[in-house]
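**Q** Compute the structure for the input listed below.
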Amino acid sequence: MNGSRKLSLVVAAVLTFAPFGFSSATDVYITPNGSPISGTPCTSNTQPPSWFNNSANWGAGTSKIGPGTTVHLCGTFTASAGASGYLTFQGGGSSGSPVSLRFESGAVLTAPYWGSKGAISAVGGLSYVVVDGGKNGTIQATLNGSPGATCLGGACQYQQNGFAVNMSPGSASCNNCEIKNLTISDMYMHTASSNDSGGNNGIGMNGNNISIDNNSIHDTCWAINTGYAPAGTSNVSVFNNTLYNIDHGVAVGDTGNAASLSGLYIYGNVIHDFSNWDTTGNYWHHDGIHVFANYTSSISPPVMIYNNYIYGNWGANDNAGIYLEVYANSSNMGTHYVFNNIFAPSGGMCANGAINDLVHGTGMNFYNNTMVGNGVGACGVLVGSQAATSSVIENSIYSGNGMSGQTAIIDTTGGSTMSTSDYNSWYKTYTGDAMRYNAWYTSVALWTSGTGFDRNSITSNPNLNSNYQPNSGSPVIGAGTNLYSTCNGQPVPGLGALCNDYAGNPRPSSGNWDIGAYAYATGDPPPAPPTGLAAVVR
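**A** Now for the predicted structure:
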């Protein structure tokens, strides 16, 4: 053969046999003791959890875990008290070929309590990892909670902190990672008015291009906890989760000085009931959604918080439904949008109300939200923009009952400014303490005459049904300003979602919009937002 002919054959041989030498396993099956389980996908070639945790079983090779591998969990995995990193990813995937850990139907990870690395964790610095709860995958604790409380396994015996899933132990990141479809339950069964400070977390994960979605998490302190780092973080998405019996629903915060975040999307979450985390010492301050900068940090657009439903008993130690906190004077948050959210506390206190926007930056755009006090005394709903510039509040409903503490406040302290407040519905604000813009105004009429704001707003009963949608004849129908030019052509997820209401109905491109999260729809109304459920995306 001539030289070129020999080279062609060598290349062909390499291309033919390379996949067998360098590819990873397509499917790996893990059971509690490594034995097959009939009636599940894990009927052959099964391995125990220790095999998953051995780095020698990760990498290139048809029997190893690597890019493109799906690891299937079958059965009930029972760990010892304080187990930490019970299943630990030893490697990651690649773009289009992640490593996936998938719970098969009925798979459960359970322990009396979980440690700091949780039931599922990862070694530092991985990318392209997916944790998928599948149809009903569950992580739970059975004996962790307040003294005297009842846990899944009987009387609670432990008061320990930890995680269900911690994909970022220490300062590690997990880039291009996703956690979805999990049920996380009973991590810490806290009882109201106890003074124990134990507080497990549901999910912890930091990194670029991460998603935490379609999970159901209840009875843990902070349900979803993600951070942004000094090295810079971009594109964090938290959506379609159901979170309840928690102190914090979604928390996003800086992990050190000069941290930065660009691109934050929190939407479609159902968050309710914080009261079981009340303590006699006011140890916890409940927030449905809390975005914060405690150091010299910055949060840059896009920042989108929308279509969230926050309701139930907010507890005696509540802080806010949504709390945007840029604490340090040297920190800042860029232009951010809060729209199509429904706030409906049915009990408890509201120290800082539906939303407290304590921001050093360019201000809040607060559009088409609905805030209903539900007639609960001393549970007010507050709109606060306390340290920002050029804030905008439009097309939003506040419906109180006129009781003390049931206030509608636009409180612009700290030298902040507001550019617009108009086309809103302010109903039954507390007459002694209504609104503030450099001075207190004890009624909406005095507020308007003193500031010039809300000249086109209304003060009559918004006439909403039990699902917070406008009834026929409601004064909020057609009383808003048209914001189509603001949302048209914008991305979804993102500001483009403002062109639809909470239920997904399109808002008109011309003519007045309806005020509030829901647009008026003729015919049968859409169903009430779900409670205690987790959607599963296929």
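**Q** what sits against Thr110?
**A** Contact criterion CB atoms under 8 Å, 6 or more residues apart in numbering gives Thr76, Phe77, Thr78, Ala79, Thr138, Ile139, Gln140, Ala141, Thr142 as the residues in contact with Thr110. Every residue, glycine included, has its C-beta placed from N, CA and C.
**Q** same thing but at 10 Å, please
**A** Thr110 makes contacts with 76-79, 83, 119, 138-142, 152-153, 185-186, as judged by CB atoms under 10 Å, 6 or more residues apart in numbering.
**Q** Go ahead and confirm Asn488 touches Asn500.
**A** No - in this structure, Asn488 is not within contact of Asn500 by CB atoms under 10 Å, at 11.6 Å.
**Q** Which one of these two is surrounded by more residues?
**A** Taking other CB atoms under 10 Å, Asn488 and Asn500 do not tie; Asn500 has more neighbours (16 against 12).
**Q** Wait, Tyr158 touches Gly82, no?
**A** Yes - with contact defined as CB under 10 Å, Tyr158 reaches Gly82; the gap is 8.3 Å.
**Q** So for the two, which residue has more residues nearby?
**A** When neighbours are counted by other CB under 10 Å, Tyr158 and Gly82 differ, and Tyr158 comes out ahead with 18 against 15.
**Q** Tell me the bridge partners for the more buried one.
**A** When bridges are assigned using DSSP bridges, the partners listed for Tyr158 are Asn144.
**Q** How about the contacts made by it?
**A** Shown here is Tyr158, whose contacts under the criterion CB under 10 Å, 6+ apart are 81-82, 112-113, 141-145, 147, 151, 188, 198.
**Q** And it, how far from His72?
**A** Tyr158 sits at a distance of 30 Å from His72 (criterion: CB to CB, to the nearest Å).
**Q** ditto for Thr88
**A** For Thr88, the distance to His72 equals 17 Å [CB to CB].
**Q** likewise Asp287?
**A** Using CB to CB, we find Asp287 at a distance of 37 Å from His72.
**Q** list residues touching both of Tyr158 and Gly82?
**A** Pro112, Tyr113, Asn144.
**Q** got the phi/psi numbers for the second one?
**A** If I follow you right, that is Tyr113. Geometry field for Tyr113 lists phi and psi as phi -160, psi 160, criterion degrees, to the nearest 10.
**Q** Tell me which of Asp287 and His72 has more neighbours.
**A** Comparing Asp287 with His72 by neighbour count (other CB under 10 Å), the higher total belongs to Asp287, at 29 against 20.
**Q** Domain ranges for this protein, per the record?
**A** Domains of the chain are assigned by automatic domain parsing as 25-228, 231-238+247-538.
**Q** can you tell me which of these the model trusts least?
**A** Mean pLDDT values for those show the minimum at domain 231-238+247-538, a mean of 84.
**Q** Measure how far it is from the centre of its chain, please.
**A** 15 Å (CA atoms, centre = their mean, to the nearest Å).
**Q** for stretch 116-135, same thing?
**A** Averaged C-alpha coordinates place stretch 116-135 at 17 Å from its chain's average position (CA atoms, centre = their mean).
**Q** and that stretch, which residues are buried?
**A** For stretch 116-135, the neighbour count (16 or more other CB atoms under 10 Å) marks 116-123, 126-134 as buried.
**Q** Can you give me the buried ones in stretch 449-457?
**A** Buried residues in stretch 449-457 (16+ other CB under 10 Å): Thr451, Phe453, Asp454, Ser457.
**Q** May I have the residues that are in contact with the last one?
**A** Applying CB under 10 Å, 6+ apart, we find Ser457 in contact with 393-396, 398, 421-426, 444, 447-448, 479-480, 515.
**Q** same thing but 7 Å
**A** Contacts for Ser457 were tallied using CB atoms under 7 Å, 6 or more residues apart in numbering; they are Asp422, Tyr423, Asn424, Ser425, Trp426.
**Q** Equivalent analysis for the third one, please.
**A** If you count contacts by CB under 7 Å, 6+ apart, Asp454 has them with Ser421, Asp422, Asn424, Val444, Trp447, Thr448.
**Q** Compare the residues you listed and tell me which is most surrounded.
**A** Within these, neighbour counts (other CB under 10 Å) peak at Asn424, which reaches 30 neighbours.
**Q** Would you check that it makes contact with Ser396?
**A** Yes - at 5.1 Å, Asn424 counts as touching Ser396 under the criterion of CB atoms under 7 Å.
**Q** shared neighbours, these two?
**A** Between them, Asn424 and Ser396 have Ile515 as joint contacts when contacts are counted by CB under 7 Å, 6+ apart.
**Q** In three-state terms, label the residue nearest to Ser105 when sequence neighbours are not counted for me.
**A** Taking CB to CB, 6 or more residues apart in numbering as the measure, Ser105 lies nearest to Lys135, with 5.0 Å between them; neighbours along the chain are not counted. State at Lys135, reduced to three classes by DSSP: H, G, I helix; E, B strand; the rest coil: coil.
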